[in-house]
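> A structural model of the following input is requested.
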Amino acid sequence: MTLEQRIARIEALEAIRQLKHCYLNACDLKEVETIRDCFATGEIQIDYGPIGCFSDRDRFVELYQRLACHERVKDLHHGSNPEIELISEDTATGRCGLFYFNLDGETGATLQLGGVYYDRYRRIDGQWKIVATRFERLQELSSPTAT
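Numbers count the residues shown, from 1 in each chain. Down below sits the predicted model:
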């Protein structure tokens with residue numbers, strides 16, 4: 001592998017890491033257009049289990065807005081332990097742990113989730129995008145109201 005290939009590989013891995021963190025931060029900050037832009041246009045695969053499965057980014061973002069874009073909804077997404085594998089110059093897979101905390105600021109109800117994202121990425125017009133993602137829930141803890 002040449003030095004240029006090695007640098008390109010490192011740059012691709014970092015761009016994918018940044019993309020995933022951008023997505024998680026945008027979810028916390030309710031930055032709807034940033035969330036949308038993390039995904040490729042056209043047909044993609046989003047499988048968030050009980051939340052739903054989506055074949056395009058707009059259907060997912062519509063549900064996200066209905067569920068999360070309220071002043072009372074406070075979310076915290078922490079991604080961890082990213083493992084990214086470049087399949088080719090323009091495709092990659094990834095696995096990333098997630099700790100998620102949700103608070104309903106009005107009722108005090110909370111939800112904590114732990115799990116793993118399984119992602120596929122593609123470089124489109126020089127930008128890495130999520131083309132498939134699946135979240136596997138490993139644990140869940142909820143309380144109906146604050147104590």
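> Show me where this structure dips below the pLDDT cut-off.
146-147 (pLDDT under 70).
> Helices of that one, start to end?
3-29, 32-38, 57-68 (DSSP state H).
> Now render those helices as TSV, adding distance to Gly79 and mean neighbour count.
All C-beta spots, glycine's among them, are computed from the backbone N, C-alpha and C. Formatted as TSV, those follow (distance: least, Cβ to Cβ, whole Å; neighbours: other Cβ atoms under 10 Å):
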stretch	distance to Gly79	mean neighbour count
helix 3-29	5	15
helix 32-38	13	16
helix 57-68	17	15
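> For Gln112, find the nearest of the ones you listed.
Nearest to Gln112 among these is helix 3-29; the distance by Cβ to Cβ comes to 14.7 Å.
> and Glu136, which of the helices of the chain is closest to it?
Of the helices of the chain, nearest to Glu136 by Cβ to Cβ is helix 3-29, at 15.6 Å.
> Counting by contacts, list what that closest one packs against.
On a contact count with 3 or more Cβ pairs under 8 Å, 6 or more residues apart in numbering; DSSP states H and E, helix 3-29 meets helix 32-38, strand 73-88, strand 91-104, strand 110-124, strand 127-143.
> I'd like the helices of the chain laid out as a markdown table, including distance to Tyr118.
Shown next, in a markdown table, are those (distance: least, Cβ to Cβ, whole Å):
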| stretch | distance to Tyr118 |
| --- | --- |
| helix 3-29 | 12 |
| helix 32-38 | 16 |
| helix 57-68 | 16 |
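> Val116: which of those is closest?
Using Cβ to Cβ, the nearest of those to Val116 is helix 3-29, at 12.4 Å.
> what angle do that closest one and strand 127-143 make?
On the basis of axes from the mean of the first three to the mean of the last three Cα atoms, to 10 degrees, helix 3-29 is oriented at 40 degrees to strand 127-143.
> Of the helices and strands packed on helix 3-29, which is nearest Asp58?
helix 32-38 (7.2 Å).
> pull the CA atoms of that closest one into PDB?
In PDB, the C-alpha atoms belonging to helix 32-38 read as follows (Å, rounded to 0.1, in the frame of the first residue of the first chain):
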ATOM      1  CA  VAL A  32     -33.500  17.800  11.400                       C
ATOM      2  CA  GLU A  33     -31.700  18.800   8.100                       C
ATOM      3  CA  THR A  34     -28.400  17.700   9.400                       C
ATOM      4  CA  ILE A  35     -29.900  14.300  10.300                       C
ATOM      5  CA  ARG A  36     -31.400  14.000   6.800                       C
ATOM      6  CA  ASP A  37     -28.100  14.900   5.200                       C
ATOM      7  CA  CYS A  38     -26.300  12.100   7.000                       C
END
